[in-house]
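Engineer: Okay, sequence plus prediction incoming.
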Protein chains: 2
Amino acid sequence: MMGFLLIFNGGFMLISALVSFVNHEAATRGILISGLLSIAIGGISQFATKGFKKEIKKREGYLVVALGWIVMSFSGALPYYITENIPSFTDAFFETMSGYTTTGASILNDIESLPKGLLLWRSTTHWIGGMGIIVMAIAILPLLGIGGMQMFAAEAPGPSTDKLHPRITDTAKRLWVLYFSLTLIETFLLKLAGMNFFDAINHAMSTLSTGGFSTKNASIAYWNDQPLIQYIIIVFMFIAGTNFVLSYYIAKGKFKKAFQDEEFKVYLIGVFMLTAISTYVIYNFANVSKLPTDIQLIAHPMIYGELESSFRHALFQVLAVITTTGFVSADFTIWSPFLTVMFFVMMFSGASAGSTAGGVKIVRHIIMIKNGFLEFKRTIHPNAIIPVRYNDKPVTRGIVFNIMAFFILYLVVFVFGSLVFSAMGIDFITSLGAAASSLGNVGPAFGDLSPVNNYDSLPPAGKWWSSFLMLLGRLELFTVLIIFTPAFWKNI
Amino acid sequence: MMGFLLIFNGGFMLISALVSFVNHEAATRGILISGLLSIAIGGISQFATKGFKKEIKKREGYLVVALGWIVMSFSGALPYYITENIPSFTDAFFETMSGYTTTGASILNDIESLPKGLLLWRSTTHWIGGMGIIVMAIAILPLLGIGGMQMFAAEAPGPSTDKLHPRITDTAKRLWVLYFSLTLIETFLLKLAGMNFFDAINHAMSTLSTGGFSTKNASIAYWNDQPLIQYIIIVFMFIAGTNFVLSYYIAKGKFKKAFQDEEFKVYLIGVFMLTAISTYVIYNFANVSKLPTDIQLIAHPMIYGELESSFRHALFQVLAVITTTGFVSADFTIWSPFLTVMFFVMMFSGASAGSTAGGVKIVRHIIMIKNGFLEFKRTIHPNAIIPVRYNDKPVTRGIVFNIMAFFILYLVVFVFGSLVFSAMGIDFITSLGAAASSLGNVGPAFGDLSPVNNYDSLPPAGKWWSSFLMLLGRLELFTVLIIFTPAFWKNI
Ligand SMILES: [K+]
Ligand SMILES: [K+]
């Protein structure tokens, strides 16, 4: 299993090496070596474990998922490290973990100086991560019963069967075709709108995986003079934050299924309302054209006037944070104190379950809020049984319980995460932001890690801690933390 | 009922008026008028409602509790307002609500310039608030079934009977005697340690109610050269944060009952560990004698050396925040980034249920954390029934459910509270601090509301919002919020 992942990884590295070769870059050799090394190690371990049973039990499932992500990150760090474009291994590992977990936090101070082969490899880590998340979110987590996601166990497309293996494979294949197609479409549209092909494919991979790595130092603010490019990315960020199962049904022409879905409705209305609020505040209280940041200095010609510009940046940043993509069109931390707090809170939202987005996910918030209101009713009528209803079906008390426990655990990890950052001497807002952003796989944070800065200012321990939080958040906490509990190792 | 509260309130005002008179203060007349006015209005409404039934149903219970606190605050604001010592009614109401909810946040820039009669009245609002909280926490909340507190329904001392009225009255009387005795003992000890009698009684009332109003501008830092006084206050803050039912049993000689109590053990160990961590950080990384704050300038002779001083301030501030008393011996927001985050998190802790402390309360955290660990076990063994155990008894799933819902609601109110503050243009850390501190009834917060500042810098809307959050937090959210739900008003 691990062997297969490494061979797969190495294969993608060879593509990057080819791109590097075509561009006559010195990095070609290093990337090639990394690719061959990954394939070799993968092949050996595949061969060595050939005789073992292929069936994976639930308990082993946790280990495979968590270890798989870590092994991938070590292998994926090789191209940066061997080519010496990122000379510190801590940094190379951070950049790779940030890639696979689709966090998009970077330690690079000058992204544009990287060879094209490595830039492509960087976006590829996002894209591979996104593929992993789709399988995990739709096929694995519901079956492992993590954080209430068992409610979706029966929803995924594919043959109905009780056997784990064929069902996962079939569902994954269908959704990967969709993921692949959407990436191609976005690449094509971005190219059409005026981006060059290389930037287009990199940004398409970064968008659909809700990753957020860009090929430009200024991220998407580089195209502040080309609103069309930004609107295309906006549309695809929204799609990336939509449950892929729903997108699959929409692609099959079953629109009704999508617009009857409560999570989708809340997602749509939520983005609309948050954008309206942000637009209002930016337009009236923040002068977008005159804010003193690097990003603003690049290019901000206000092509369609200040209102359109305010609206576009509001919509862009709301989606970038809600979907946890983390692309930057403007620095949301300097707009106003109110928006700073609002965007901070949004880092805990996350988009739809079954999307590539990180964070808590909208469906969990819906169920917790509904349950909160029902608690009042239950307090008044203590003997009545009043279940939460979701998509017109009652949700079992057990699932609501799982979801609340997940959320509380998420907050505990966030608090503990912030404490560790602050113990490194990092200030209040930066510590809280770093923990929220790493755990939610968002990318940009606040203070010293605001959208105009990067994660290079963190001390090495902070980079490892941030990497760990990214992994925790990405694997929905339980998958990783459960390995540290004594109960996991008992009676194997 | 309301009438009785007003008469009671007016009676206490007359005592303050008497103190004012003895000190030949101009405020005497104003306080006297306020007292007589309260008694008159109380008497009239008592007389007007004389014919009505005395039995209170559950639903009316919520209204009486919430309205009672508000009516008291309007009446209690009169002495400040009529004597024109606080000329703005917003400010006078804020100071009074802060008093009754035992928050202790103040808008006064020069506390020491207030007439003694008003200073006494200010501490008296704390003390009366504390009496209200004891009845509420021990007798009313468990019966109303709020936030899991029904666990304690059978614990309170008093005759076992199913009838609400006699049981509440008897329990309240026993605990009030304890509360009154403890206040007298602390006054006596503080006097003995060198405080004058007036300061001693005021601080005793502020301590046992976990209020935090001081008669000095520098709060308890005024006595930084008299460690004994600070240690006495430390001991009584600890007692005020202990479940009064446990203290009652200890006073009766039943020590075993206390040391078998899980919440008490966690409280004791928690304070110990947090103090150890804080002492370590302060001693090694913050030079207590050289910090550039007003508080430090007053008097900090390091009588027993720097280690003792670090330990004392650590212990004092840990207890001040955990018990939500909010007294200040030093500015905990400038020690180090780590302690800033730690103290911020501690604002959500709260001390024991059944004490006068605000916040979430330790017992709720215990049950949520235990449940969190069990969730892992349940994920591995999905068919096993694994209940949370507290004090060697299994806790029903319903109560765990209530507690988690309470905690999530608490966080929702905190987030919404922070957003409203930030919308007034208040910066990130100050907004979050103001919401956490108001809701937890702590008092001092962070940033512009740090221990060396006060709440006068808030805009008027911010003062009303803070007052509302104090009330919400004090009445454990549900009691107030339930009144705003449609279900409450249906089928009356
Ligand atoms: K991201
Ligand atoms: K207080």
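Structural biologist: Good, I have the coordinates. Residues are numbered from 1 along each chain as shown, chains lettered A, B, ... in the order given. Ligands and ions are numbered 1, 2, ... in the order given.

Engineer: Just the element for A:Met273, please.
Structural biologist: With the criterion set as DSSP states H and E, the secondary-structure element containing A:Met273 is helix A:262-285.

Engineer: ok, which residues in the stretch 201-350 of chain A are in contact with chain B?
Structural biologist: For the stretch 201-350 of chain A, the residues in contact with chain B (C-beta under 8 Å from any C-beta of the partner chain) are A:336-338, A:340-342, A:344-345. C-betas here are computed from N, CA, C, even on glycine.

Engineer: Can you give me the neighbour number for A:Asp225?
Structural biologist: As a burial measure, A:Asp225 scores 14 neighbours (other C-beta atoms under 10 Å in any protein chain shown).

Engineer: rewinding a little: among the residues of the stretch 201-350 of chain A next to chain B, who's most crowded?
Structural biologist: In terms of neighbour count, A:Phe344 stands highest of these at 25 neighbours, by other C-beta under 10 Å.

Engineer: my read: that residue touches A:Ala436, true?
Structural biologist: Yes - in this structure A:Phe344 lies within contact range of A:Ala436 using C-beta atoms under 8 Å: 6.6 Å.

Engineer: Looks like A:Leu319 contacts A:Phe238 (just checking).
Structural biologist: Yes - with contact taken as C-beta under 8 Å, A:Leu319 and A:Phe238 are classed as touching, separated by 6.0 Å.

Engineer: Tell me the residues that contact both of these two, please.
Structural biologist: When contacts are counted by C-beta atoms under 8 Å, 6 or more residues apart in numbering or on different chains, A:Leu319 and A:Phe238 have A:Val271 as shared neighbours.

Engineer: okay, those two: which has more neighbours?
Structural biologist: Comparing A:Leu319 with A:Phe238 by neighbour count (other C-beta under 10 Å), the higher total belongs to A:Leu319, at 25 against 19.

Engineer: List the contacts of that one.
Structural biologist: By C-beta under 8 Å, 6+ apart, the residues touching A:Leu319 are A:234, A:237-238, A:241, A:271, A:325.

Engineer: one more time with 10 Å
Structural biologist: Contacts for A:Leu319 were tallied using C-beta atoms under 10 Å, 6 or more residues apart in numbering or on different chains; they are A:210, A:233-238, A:240-241, A:271, A:274-275, A:325, A:327, A:351.

Engineer: Report the secondary structure state of the residue lying closest to it once chain neighbours are set aside.
Structural biologist: Sequence neighbours aside, A:Met237 is the residue nearest to A:Leu319 in space, at 4.5 Å (criterion: C-beta to C-beta, 6 or more residues apart in numbering or on different chains). With DSSP: H, G, I helix; E, B strand; the rest coil as the basis, A:Met237 sits in helix.

Engineer: which residues touch A:Met237?
Structural biologist: A:206-208, A:210, A:212, A:220, A:271, A:315-316, A:318-320, A:322-327, A:351, A:357.

Engineer: which neighbours do A:Phe344 and A:Ala436 share?
Structural biologist: Between them, A:Phe344 and A:Ala436 share these contacting residues under C-beta under 10 Å, 6+ apart: A:445-446.

Engineer: I'd like the distance from stretch A:422-432 to the chain centre, please.
Structural biologist: Shown here is stretch A:422-432, whose average C-alpha point lies 23 Å from the average C-alpha point of the whole chain (C-alpha atoms, centre = their mean, to the nearest Å).

Engineer: ends of that stretch, how far apart?
Structural biologist: The first and last residues of stretch A:422-432 sit 8 Å apart, counting by C-alpha to C-alpha, to the nearest Å.

Engineer: Establish whether that stretch and chain B are in contact.
Structural biologist: Yes - using C-beta under 10 Å from any C-beta of the partner chain, stretch A:422-432 reaches chain B at A:422-432.

Engineer: And the pLDDT for A:Phe52?
Structural biologist: The confidence metric pLDDT takes the value 61 at A:Phe52.

Engineer: How about A:Met347: what's its closest non-neighbour residue?
Structural biologist: Going by C-beta to C-beta, 6+ apart, A:Met347 has A:Ala436 as its nearest residue, at 4.3 Å.

Engineer: Now do the same contact list for that neighbour.
Structural biologist: With contacts defined as C-beta under 10 Å, 6+ apart, A:Ala436 is in contact with A:343-348, A:359, A:414, A:417-418, A:442, A:445-446, A:469, A:473.

Engineer: Going by distance to B:Asn284, which of the residues you listed wins?
Structural biologist: Compare each of those with B:Asn284 using C-beta to C-beta and the shortest gap goes to A:Ser418, at 21.1 Å.

Engineer: Can you mark which positions in the helix or strand that contains that closest one are buried?
Structural biologist: Taking DSSP H and E as the criterion, the element that holds A:Ser418 is helix A:397-423. Applying a neighbour-count criterion of 16 or more other C-beta atoms under 10 Å in any protein chain shown, one finds A:399-411, A:413-415, A:417-423 buried in helix A:397-423.

Engineer: now swap in stretch A:368-376 and tell me
Structural biologist: Applying a neighbour-count criterion of 16+ other C-beta under 10 Å, one finds A:368, A:370-376 buried in stretch A:368-376.

Engineer: From the residues you listed, list the ones also adjacent to chain B.
Structural biologist: Of the residues in these, proximity to chain B by C-beta under 10 Å from any C-beta holds for A:368, A:371-376.

Engineer: So which of those residues are in strands?
Structural biologist: Restricting these to those inside strands, with DSSP state E as the criterion, leaves an empty set.

Engineer: and these as TSV, adding distance to A:Ser123 and pLDDT?
Structural biologist: Supplementary listing: those in TSV, determined by distance: C-beta to C-beta, whole Å; pLDDT from 0 to 100:
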residue	distance to A:Ser123	pLDDT
A:Met368	35	90
A:Asn371	40	88
A:Gly372	40	84
A:Phe373	43	83
A:Leu374	44	85
A:Glu375	45	81
A:Phe376	48	80
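
Engineer: who touches A:Leu32 in this structure?
Structural biologist: Remark: with contacts taken as C-beta under 10 Å, 6+ apart, A:Leu32 is in contact with A:13-14, A:16-18, A:20-21, A:79, A:82-83, A:117.

Engineer: That one belongs to a helix?
Structural biologist: Yes - under three-state DSSP, A:Leu32 falls within a helix.

Engineer: how about the strands in the stretch 201-350 of chain A?
Structural biologist: If DSSP state E, counting those that start in this stretch is used as the criterion, the stretch 201-350 of chain A turns out to lack strands entirely.

Engineer: Rebuild the residues of stretch A:422-432 next to chain B as JSON lines, extending it with secondary structure.
Structural biologist: Putting the residues of stretch A:422-432 next to chain B into JSON lines (three-state DSSP) gives the following:
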{"residue": "A:Ser422", "secondary structure": "helix"}
{"residue": "A:Ala423", "secondary structure": "helix"}
{"residue": "A:Met424", "secondary structure": "coil"}
{"residue": "A:Gly425", "secondary structure": "coil"}
{"residue": "A:Ile426", "secondary structure": "coil"}
{"residue": "A:Asp427", "secondary structure": "coil"}
{"residue": "A:Phe428", "secondary structure": "helix"}
{"residue": "A:Ile429", "secondary structure": "helix"}
{"residue": "A:Thr430", "secondary structure": "helix"}
{"residue": "A:Ser431", "secondary structure": "helix"}
{"residue": "A:Leu432", "secondary structure": "helix"}
